[in-house]
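**Q** structure here, sequence nowhere to be found:
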């Protein structure tokens, strides 16, 4: 009967080790689940980042198209237009003289400089400039687009 206490101790140790292993395995499963969730979130963030990058590219393209509508001013791509210059170019685009550039007017103005311009491109440009979402561009909205100066790295 001398061996019985060591057998009991051994069984207790085995049971304690089994419990600890079960806890470690459960903890490992939780970590794996959290890692999977973090990986999925990172994927969503990467997709959102690509979407934002694409939107910024679209905004830059729209801004470039708007610059073209102002009678091809060269002055090293300067955006220091006077109020008179802006009003003059706005009025040339606003052919019905109602004080707004409407989609058809914008498309027509762009087509004179870029015959391949699609109505989709014109619609994107209008959306870019139309800050109050009324479907047309007011003179104030036009000025904001034309006077917009992008931030350049290193300046």
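**A** All right, it came through fine. What you see is a predicted model, and the numbers here were worked out from it, not measured in a lab.
**Q** residue nearest the centroid of the chain?
**A** Residue closest to the average C-alpha location in the chain (CA atoms, centre = their mean): residue 52, at 2.1 Å.
**Q** now do that residue against residue 45, distance only.
**A** Distance of residue 52 to residue 45, given as CB to CB, to the nearest Å: 10 Å. Yep, even glycine has a C-beta here, placed from its N, CA and C like the rest.
**Q** next: residue 28.
**A** 26 Å.
**Q** just for this protein, where's the confidence low?
**A** Filtered on pLDDT under 70, the chain yields the residue ranges 1-10, 55-56, 58-80, 149-155.
**Q** which parts of it are helices?
**A** Listed in chain order, the helices found in the chain under DSSP state H are 4-68, 83-93, 103-113, 119-129, 139-147.
**Q** which helices and strands does the last one pack with?
**A** Using 3 or more CB pairs under 8 Å, 6 or more residues apart in numbering; DSSP states H and E as the contact criterion, the elements in contact with helix 139-147 are helix 4-68, helix 83-93, helix 119-129.
**Q** pick the most deeply packed of these.
**A** Each of those was scored by mean neighbour count; the highest is helix 119-129, a mean of 18, by mean count of other CB atoms under 10 Å.
**Q** quick one: that helix to helix 103-113, angle?
**A** For helix 119-129 against helix 103-113, the angle by axes from the mean of the first three to the mean of the last three CA atoms, to 10 degrees is 110 degrees.
**Q** chain center to helix 119-129, what's the gap?
**A** 16 Å (CA atoms, centre = their mean, to the nearest Å).
**Q** report the inter-axis angle for that helix versus helix 139-147.
**A** Interaxial angle of helix 119-129 relative to helix 139-147 (the same axes, to 10 degrees): 100 degrees.
**Q** need the contact list for residue 45.
**A** Neighbouring residues of residue 45 by CB atoms under 8 Å, 6 or more residues apart in numbering: there are none.
**Q** typed the wrong thing, it's residue 142
**A** Counting by CB under 8 Å, 6+ apart, residue 142 has contacts 86, 90, 101, 129.
**Q** dump those to CSV, plus distance to residue 107.
**A** Below are the contacts of residue 142 laid out as CSV (distance: CB to CB, whole Å):
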residue, distance to residue 107
86, 20
90, 16
101, 10
129, 13
